[in-house]
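Visitor: Provide a 3D model corresponding to the input given below.
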Amino acid sequence: MKPNVLLMAGSFQQGGSERQAVQVTRLLCESGRYNVHLVCLDPAGPLRAEAEALGLEIPSFPLTSFYDWNMAVQLRRFVRYLREQRIEVVQAFDFYTNIFGMTGGALARVPVRIAARRETEGLRTAAQKFIERRAFQLAHVVAANSDAVGRELVGDGVPARKIVTVYNGMDTSRIGPRPDLDHKETLASLGLPHDGARRFVTVVANMRHPAKDQAMFLRAARRVRQSVPEAAFVLAGEGGLIESYRALAAELGLADAVFFTGRCARVAELLAVSSVCVLSSRGVEGFSNSIAEYMAAARPVVATDIGGAAEAVLEGETGFVVRPGDDETMAARIIELLKDTARAREMGERGRRVVMEKFSCEAQLARVESLYERLLGARAGHVEAPPVGAATQSAVGAAAQSAAGAAAQSAARGPDK
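Guide: Numbers count the residues shown, from 1 in each chain. Below is the predicted model of the structure:
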């Protein structure tokens, strides 16, 4: 019989973790080696339609807090579901599904429990990190999306034997070189100047968090413009910081050279008309989906050295890696690529090959299925499950003992008759 595996999405918003959860679900469905289940905490978001297209029922377990009675109610529902569906693997993808999924998986004695860390330091409070460490104790494996994240997990006290790197997968059929694209028509449809005189340098990142540091990109842009007057700069993404970046662009004298697209649903086309692509983040990235998209589109990359950037961008081969905040070096690298188009093209083509070999959906599926096979084989006839009360208390920490304790008692009694 096929093993029953369950994947957990925090929501269906357009975030990296959410997209990876839906993508891995799709890949496993297409593989056919497992009976696949998908659940969520929050059912809202544009990725919901893509998930529903897989033909799966998608139960939701909505939370308002880890510390209230609703947590106990939803956790009990989840444990019941895991038992009824005879789930053998439960896999989480972010902070919230780590806490909820590993706790419920331990209560239901699911044989294989896989947690995740997808960002580097700086995003979580001390209290959140404390709670997440308890969840990691309940997991058999913690999947990191880069070796850099894995090293941070070791620094946080997670045993190295528990950590495995599973890189994000890039759907190379969705984003790739577009040699037949009409650039003028595409630029016009994207709302960008299409007079043929511009060379576009693009960053794709949300503007909700200052750690994405588009301010650094704009400072670099001013330096680039002084050397390459035809350079223009595209910031694709949405968020509350967009107006402050507009103001900064004007302050830097770049009002006529910087273009804000908002959320871009046509990333493939935008990258196809870009000469250089940039990541300017100074923290929280585990493995940037944007970098993988740039490389899949055969664009040369200039990225800050955070998270797994240096694992993807091979220095001097597929692009350049610079120190976070170093707009001077970033500008110099962008200028170098704009002035040497042949080298830029070679770097982009090399990057595309790296994505196909290391960061494609096929490579991701192979890693995930190999992980499942190894863990299920190792635990056949030998299931490690801590006592129900200890599992719950360990997972949610002292601050959530009352809600978690109630959930444990309800789960231990089993489903209502």
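Visitor: Please identify the buried residues of stretch 185-193?
Guide: 186-187, 190, 192 (16 or more other Cβ atoms under 10 Å). Heads up, the C-betas are built off the backbone N, CA and C, glycines and all.
Visitor: What distance separates the opening and closing residues of that stretch?
Guide: 10 Å (Cα to Cα, to the nearest Å).
Visitor: Please name the residues that touch the nearest residue to K212 once chain neighbours are set aside.
Guide: Spatial nearest neighbour of K212, chain neighbours left out: A205 (4.4 Å); criterion: Cβ to Cβ, 6 or more residues apart in numbering. By Cβ atoms under 8 Å, 6 or more residues apart in numbering, A205 lies in contact with 212, 214, 235-237, 279-281, 290.
Visitor: nearest to R343, of those residues?
Guide: R343 has its nearest neighbour among the contacts of A205 in L279, at 19.5 Å by Cβ to Cβ.
Visitor: quick one: low-confidence ranges for the stretch 101-250 of the chain?
Guide: 120-123 (pLDDT under 70).
Visitor: Dump the buried residues of stretch 185-193 to JSON lines, plus secondary structure.
Guide: Below are those laid out as JSON lines (DSSP: H, G, I helix; E, B strand; the rest coil):
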{"residue": "T186", "secondary structure": "helix"}
{"residue": "L187", "secondary structure": "helix"}
{"residue": "L190", "secondary structure": "coil"}
{"residue": "L192", "secondary structure": "coil"}
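Visitor: Show me what the helix or strand encompassing V73 packs onto, helices and strands only.
Guide: Using DSSP states H and E, the element containing V73 is helix 69-84. If you count contacts as 3 or more Cβ pairs under 8 Å, 6 or more residues apart in numbering; DSSP states H and E, helix 69-84 packs onto helix 95-107, helix 401-413.
Visitor: next SSE after that helix?
Guide: Following helix 69-84 toward the C-terminus (DSSP H and E): strand 89-91.
Visitor: what separates that next one from the chain centre, distance-wise?
Guide: 18 Å (Cα atoms, centre = their mean, to the nearest Å).
Visitor: about what we covered before: just flag the most distant two among the contacts of A205.
Guide: A236 and S281 (14.5 Å).
Visitor: quick one: which of the contacts of A205 sit in strands?
Guide: Counting by DSSP state E, the part of the contacts of A205 found in strands is 235-236, 279.
Visitor: Can you lay out those as a markdown table showing distance to C361 and neighbour count?
Guide: Shown next, in a markdown table, are the ones in strands among the contacts of A205 (distance: Cβ to Cβ, whole Å; neighbours: other Cβ atoms under 10 Å):
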| residue | distance to C361 | neighbour count |
| --- | --- | --- |
| L235 | 28 | 26 |
| A236 | 23 | 23 |
| L279 | 21 | 28 |
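Visitor: of all the residues you listed, which comes closest to L27?
Guide: Once Cβ to Cβ is applied, the member of the ones in strands among the contacts of A205 that ends up nearest L27 is L279, at 25.1 Å.
Visitor: Any idea what that closest one is bridged to?
Guide: A303 (DSSP bridges).
Visitor: Helices of the stretch 301-417 of the chain, start to end?
Guide: 309-312, 327-339, 341-354, 361-378, 388-396, 401-413 (DSSP state H, counting those that start in this stretch).
Visitor: I meant the stretch 51-200 of the chain, not that one.
Guide: Under DSSP H, counting those that start in this stretch, the stretch 51-200 of the chain gives helices at 69-84, 95-107, 126-138, 147-155, 183-189.
Visitor: So which of these is nearest V313?
Guide: helix 147-155 (12.5 Å).
Visitor: chain center to the closest one, what's the gap?
Guide: 16 Å.
Visitor: now swap in stretch 90-99 and tell me
Guide: How far stretch 90-99 lies from its chain's middle: 13 Å, per Cα atoms, centre = their mean.
Visitor: ditto for stretch 335-346
Guide: Distance, centroid of stretch 335-346 to centroid of chain: 29 Å (Cα atoms, centre = their mean).
Visitor: just stretch 157-171 next, same as before
Guide: 13 Å.
Visitor: Quickly name whichever of the buried residues of stretch 185-193 is closest to G150.
Guide: Once Cβ to Cβ is applied, the member of the buried residues of stretch 185-193 that ends up nearest G150 is L190, at 37.5 Å.
Visitor: wait, isn't V166 in contact with V141?
Guide: No - look at V166 against V141 with Cβ atoms under 8 Å: they stay out of range, at 9.4 Å.
Visitor: hang on, isn't G237 packed against R263?
Guide: Yes - G237 is within contact range of R263, at 6.7 Å (criterion: Cβ under 8 Å).
Visitor: more neighbours, those two?
Guide: It is G237, of G237 and R263, that has more neighbours when counted by other Cβ atoms under 10 Å, with 21 against 13.
Visitor: residues contacting that one?
Guide: With the criterion set at Cβ under 8 Å, 6+ apart, G237 makes contact with 203-207, 212, 261-264.
Visitor: This completes my enquiry, with thanks.
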